[in-house]
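Novice: Next input, structure requested:
(chains A and B)
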Number of protein chains: 2
Amino acid sequence: MKPAQRQMHLNLFVLNTGHHEASWRHPETHPESITDIRYYTKLAQTAESAKLDSLFIADALVLTPAVKYKILGGLEPLTLLSALAMGTERIGLIATVSTTYSEPFNVARMFSSLDHISGGRAGWNSVTSVGDATALNFGLERHPEHGDRYERAKEFLVVLKGLWDCWQDDAIVANKQTGIYSDYEHKIRALDHKGKHYSVRGPLNIGRSPQGYPVLVQAGSSDAGKELAAETAEVVFTAQDTLEHGRSFYADVKQRMSKYGRSPDELKILPGFCPIVGITETEAREKEALLNELTLPAFGLIRLSNALEMDLSQYPLDGPFPLEDLPSVDQVKGQKARFQMYVEMVRKENLTIRQLMLRTASARGHYTLAGTPKQIADEMEAWFTQEAADGFNVMPPYFPGGFEDFVNLVVPELQRRGLFRTEYTGRTLREHLGLKRPAAKNPQPIR
Amino acid sequence: MKPAQRQMHLNLFVLNTGHHEASWRHPETHPESITDIRYYTKLAQTAESAKLDSLFIADALVLTPAVKYKILGGLEPLTLLSALAMGTERIGLIATVSTTYSEPFNVARMFSSLDHISGGRAGWNSVTSVGDATALNFGLERHPEHGDRYERAKEFLVVLKGLWDCWQDDAIVANKQTGIYSDYEHKIRALDHKGKHYSVRGPLNIGRSPQGYPVLVQAGSSDAGKELAAETAEVVFTAQDTLEHGRSFYADVKQRMSKYGRSPDELKILPGFCPIVGITETEAREKEALLNELTLPAFGLIRLSNALEMDLSQYPLDGPFPLEDLPSVDQVKGQKARFQMYVEMVRKENLTIRQLMLRTASARGHYTLAGTPKQIADEMEAWFTQEAADGFNVMPPYFPGGFEDFVNLVVPELQRRGLFRTEYTGRTLREHLGLKRPAAKNPQPIR
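Specialist: Residues are numbered from 1 along each chain as shown, chains lettered A, B, ... in the order given. Here you go, the predicted model:
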């Protein structure tokens, strides 16, 4: 055995036919399979054969008109991952669920259930959702504003942790002789949470799950998002377009942790990474070009207009970018960090609308690299060793081919370099990530 | 081939170690397996090998102190059934979800997802939940009253059907050449529901599922419950303690359907039925006695006190039943039909508290019969041919043994009599039940 070396963590971000917005038009993808569980099972099994830590399903609770040009929506993450738990044995399963539009009791219950079903492989990516169109699906006229959403998200998490702690690990006695099933008086407690936004009595109606809690994942990169991550997250997905930005984000989040009594190891930062792999650099560039050619300006305009929260359709595609007409970052209601990234890209390189469109088509602004397996492994190693990343949220441009290239060509290269596991050593997602299983806190009898 | 004969529908009601409240103490059950997906997968596969129409998971969103004596709570139905969709191919999967404590958009989405995942095998048992203790888990002080809950349930269902109809079956175009993914203008519509309790804009963010809607199941047996079932349900689970009561319930619900323009065939009535099967009648009685001996009066008292909404612990177990101290049925907040059934049982047979406790221990008042395969098949045939049932909600006293006895001994007898299928002829739950797939209604372009 080699001496223990810090290892990369790799998550597969599963998204219908792939992360490039035109992936469904790629000759090798099958858009009709995006509601077919066999398609996802095969992807999950490929990811598990490559010993990835986990796979992850994003979500939005709204259907926008962009569905005219692009696959949107699809299977709901918790049901999808419960099904995928059955065709796999080791890989972690991270579901996105909104704190703004769900009941905490139901969310706690479903994640506990998924953790039991999967034998300790559940993770929860908590999001606060985006946009008034979502609010209108849930009886509200307006999406709560950024600060309010984060306040709710924080309290939501307190409630969930409390619910997951209601049962001590040894609460179930199941003594057939005496007829006592559980030590209700001493090992199960109510929560009695009464906060500003939530009031939840508990206890939860399911025993403590293999991991105690699912692994807590967040993806916010705004200031409030970073602070919440530093306080509570165990994995952070983030979009960083350069190694320098990655280093600065990494340092920023990790240094915020100490004031919450947390060590930097307790949080894994995984920047999104879209690898376009070719045997030669030319082949990689051709693959990228093929996808970009399939991008429709009509859709790209909608996507950018949504991200920048202004209607870009009135401006010439190849003229100068109308920076002066953009809202200010304070006015942005959705993802502030992405807004800032796009504006900075335009400023720095003086991009036209079309250029920004193509630059962000493959992975919505996440770092994209077309290259040989060695070039890609070099770049991943650089991010990893230079403290820009604890691993990556891998976002293949199209499925399954674009992911199979990564698995067959890049993963072995990372393994040869001793940067990534060749076998699973643990059974749970917490074990894969080197995260502790939390103890159930504050056992108190129910009054 | 035999001429077509009316066929029985059989649903397996899966409940942790079994329906007898003391089943977990039975020497052959494994209470530690109730959060183990392999245990449920095996049960589901047994049910599928017997060609049952479906299996069903009940639910409650609260943990009561009775968990000291009995298994309560457990895996959440939608996650559990999504997992079970993977180990099975034909059997229907019916999940209980509350209309009182869930967001309609999320519920519509998850059932659509389960229907896609299972290839058209999803069913939804809608319940309105019970008791203030549940309300306290969802930010309310009091559980909404019966009438209010039913009003909400009705509107909830209108919203769900509307969401399931947002996408026409042919909305997805996925034309790789033109780059048009969906016919958003003509084949996808918003819902724009603005009602008394819910306001949901839509469209749903998933395409129409194999069955259009999941099969709509209800279990309310109160007057309001029967009316709602007659108007909207496709399957009704009900507790009927005698053939006569079964006949009267069956006639009552079916005759209510015509005023909603529905034919009696569009609704299947499945009374709960707890079979305790022995090769001889003596063996069956011994099996029943073994379970009843394991019943703890301490628990039985809690259960009856909850069902009758008064504290029975202050009365002698073997003294006369304190009928005069009971609340009136109007005052009952929980299941009114069960309350009335228990009171009638006590009145008719002059039962003591202990006698009512044992009489309702095996299946909470559902019809229980200990007997030989022939006796049990005779009784099922009588209910089926005399219009007390379109089939049964089978509630084995303990798992897996009590269910395996039914599968190995009773099902073949029903098949010999031509009362139950020997092979699946369809793929979806609607096909098993002989229910039509609904067409997507009112296609309207989104304004």
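
Novice: How about the biggest helix by length in chain A and chain B, any contact?
Specialist: With secondary structure taken from DSSP state H, chain A has its longest helix at helix A:146-164. No - counting by C-beta under 8 Å from any C-beta of the partner chain, chain B has no neighbours in helix A:146-164; the shortest distance is 8.9 Å. (Each C-beta comes from the backbone N, C-alpha and C, glycine too.)

Novice: Excluding chain neighbours, what is closest to the residue in the stretch 101-250 of chain A that chain B sits nearest to?
Specialist: Residue nearest to chain B within the stretch 101-250 of chain A: A:Asn205 (3.1 Å; C-beta to the nearest C-beta). Closest residue to A:Asn205 in three dimensions, ignoring its sequence neighbours and counting by C-beta to C-beta, 6 or more residues apart in numbering or on different chains: B:Gly73, at 3.1 Å.

Novice: how about stretch A:51-65 against chain B, any contact?
Specialist: Yes - contact between stretch A:51-65 and chain B, assessed by C-beta under 8 Å from any C-beta, occurs at A:60-63, A:65.

Novice: Drop anything exposed from those.
Specialist: Listed as buried from these are A:60-63; burial here means 16 or more other C-beta atoms under 10 Å in any protein chain shown.

Novice: could you dump those to CSV with pLDDT and secondary structure?
Specialist: Converted to CSV, these look like this (pLDDT from 0 to 100; DSSP: H, G, I helix; E, B strand; the rest coil):
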residue, pLDDT, secondary structure
A:Ala60, 95, coil
A:Leu61, 96, coil
A:Val62, 96, coil
A:Leu63, 96, coil
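
Novice: before we move on, back to that, what helix or strand does the residue nearest to A:Asn205 sit in?
Specialist: Using DSSP states H and E, B:Gly73 sits within no helix or strand.

Novice: before we move on, back to that, to what extent is the residue of the stretch 101-250 of chain A closest to chain B buried, counted in neighbours?
Specialist: Summarising burial for A:Asn205: neighbours were counted as other C-beta atoms under 10 Å in any protein chain shown, giving 25.

Novice: returning to that earlier point: which member of the residues of stretch A:51-65 next to chain B is positioned nearest A:Leu369?
Specialist: A:Leu369 has its nearest neighbour among the residues of stretch A:51-65 next to chain B in A:Ala60, at 26.4 Å by C-beta to C-beta.

Novice: In this structure the closest one contacts A:Ala133, no?
Specialist: No - with contact defined as C-beta atoms under 8 Å, A:Ala60 and A:Ala133 do not form a contacting pair (9.5 Å).

Novice: Find the nearest non-adjacent residue to A:Leu312, please.
Specialist: A:Ser305 (4.8 Å).

Novice: How many neighbouring residues does that neighbour have?
Specialist: 16.

Novice: quick one: it from A:Ile353, how far?
Specialist: Using C-beta to C-beta, to the nearest Å, A:Ser305 is found at 10 Å from A:Ile353.

Novice: what residues are shared contacts of those two?
Specialist: A:Leu312 (C-beta atoms under 8 Å, 6 or more residues apart in numbering or on different chains).

Novice: which residues touch the residue of the stretch 251-400 of chain A found nearest chain B?
Specialist: Relative to chain B, the nearest point of the stretch 251-400 of chain A is A:Leu296 (4.6 Å; C-beta to the nearest C-beta). Contacts for A:Leu296 (C-beta under 8 Å, 6+ apart) come out as A:22, A:69, B:179.

Novice: Grab the nearest non-local neighbour of the last one.
Specialist: I take that to be B:Gly179. Leaving aside its chain neighbours, B:Gly179 sits nearest to A:Leu296 (4.6 Å; criterion: C-beta to C-beta, 6+ apart).

Novice: again, but for the second one
Specialist: With sequence-adjacent residues excluded and distances taken as C-beta to C-beta, 6+ apart, A:Tyr69 is closest to A:Phe299, at 3.5 Å.

Novice: Could I get the phi/psi values of the nearest residue to A:Leu75 once chain neighbours are set aside?
Specialist: Once flanking residues are discounted, A:Leu75 sits nearest to B:Ser113: 4.7 Å by C-beta to C-beta, 6+ apart. Dihedral pair for B:Ser113: phi -60, psi -50, per degrees, to the nearest 10.

Novice: and what of A:Ile188?
Specialist: With angles defined as degrees, to the nearest 10, A:Ile188 sits at phi -130, psi 130.

Novice: Equivalent analysis for A:Cys166, please.
Specialist: The phi/psi pair for A:Cys166 (degrees, to the nearest 10) is phi -60, psi -40.

Novice: for A:His116, same thing?
Specialist: Taking degrees, to the nearest 10, you get phi -60, psi -50 for the backbone angles of A:His116.

Novice: One more: the one 3 residues further on?
Specialist: Here is the backbone geometry of A:Gly119 (degrees, to the nearest 10): phi 70, psi 40.

Novice: where are the low-confidence patches of the stretch 301-447 of chain A?
Specialist: Scanning the stretch 301-447 of chain A for pLDDT under 70 picks out the ranges A:442-447.

Novice: Would you map the strands across it?
Specialist: Along the stretch 301-447 of chain A, counting by DSSP state E, counting those that start in this stretch, strands occupy A:367-371, A:391-394.

Novice: So which other helices or strands are in contact with the last one?
Specialist: On a contact count with 3 or more C-beta pairs under 8 Å, 6 or more residues apart in numbering or on different chains; DSSP states H and E, strand A:391-394 meets strand A:9-14, strand A:268-277, helix A:373-385.

Novice: mind putting these in TSV, distance to chain B included?
Specialist: As requested, these are exported to TSV (distance: least, C-beta to the nearest C-beta, whole Å):
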stretch	distance to chain B
strand A:9-14	14
strand A:268-277	20
helix A:373-385	28
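
Novice: Distance from stretch A:8-19 to the middle of the chain?
Specialist: Its chain's average C-alpha position is 9 Å from that of stretch A:8-19, according to C-alpha atoms, centre = their mean, to the nearest Å.

Novice: how much does the helix or strand encompassing A:Leu84 deviate in direction from strand A:9-14?
Specialist: For A:Leu84, the enclosing helix or strand under DSSP H and E is helix A:77-87. Orientation of helix A:77-87 against strand A:9-14 (axes from the mean of the first three to the mean of the last three C-alpha atoms, to 10 degrees) gives an angle of 120 degrees.

Novice: just the angle between whichever helix or strand comes after helix A:77-87 and helix B:77-87, please?
Specialist: Next helix or strand after helix A:77-87 toward the C-terminus (DSSP H and E): strand A:92-98. Angle of strand A:92-98 versus helix B:77-87, following the same axes, to 10 degrees, is 140 degrees.

Novice: residues making contact with strand A:92-98?
Specialist: The contact list for strand A:92-98, computed with C-beta under 8 Å, 6+ apart, reads A:11, A:53-59, A:61, A:77-78, A:80-81, A:84-85, A:107, A:110-111, A:114, A:118, A:121-129, A:215, A:217, A:235, A:428-429, A:432-433.

Novice: Where does pLDDT dip in the stretch 51-200 of chain A?
Specialist: By pLDDT under 70, the stretch 51-200 of chain A contains no weakly predicted segment.

Novice: Mind telling me which residue of it is nearest chain B?
Specialist: Going by C-beta to the nearest C-beta, chain B is nearest to A:Gly73 of the stretch 51-200 of chain A, at 3.1 Å.

Novice: Now mean neighbour count too, for the strands of the stretch 301-447 of chain A, in CSV please.
Specialist: As requested, those are exported to CSV (neighbours: other C-beta atoms under 10 Å in any protein chain shown):
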stretch, mean neighbour count
strand A:367-371, 21
strand A:391-394, 26
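
Novice: could you dump those to a markdown table with distance to B:Arg437?
Specialist: Shown next, in a markdown table, are the strands of the stretch 301-447 of chain A (distance: least, C-beta to C-beta, whole Å):
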| stretch | distance to B:Arg437 |
| --- | --- |
| strand A:367-371 | 43 |
| strand A:391-394 | 39 |
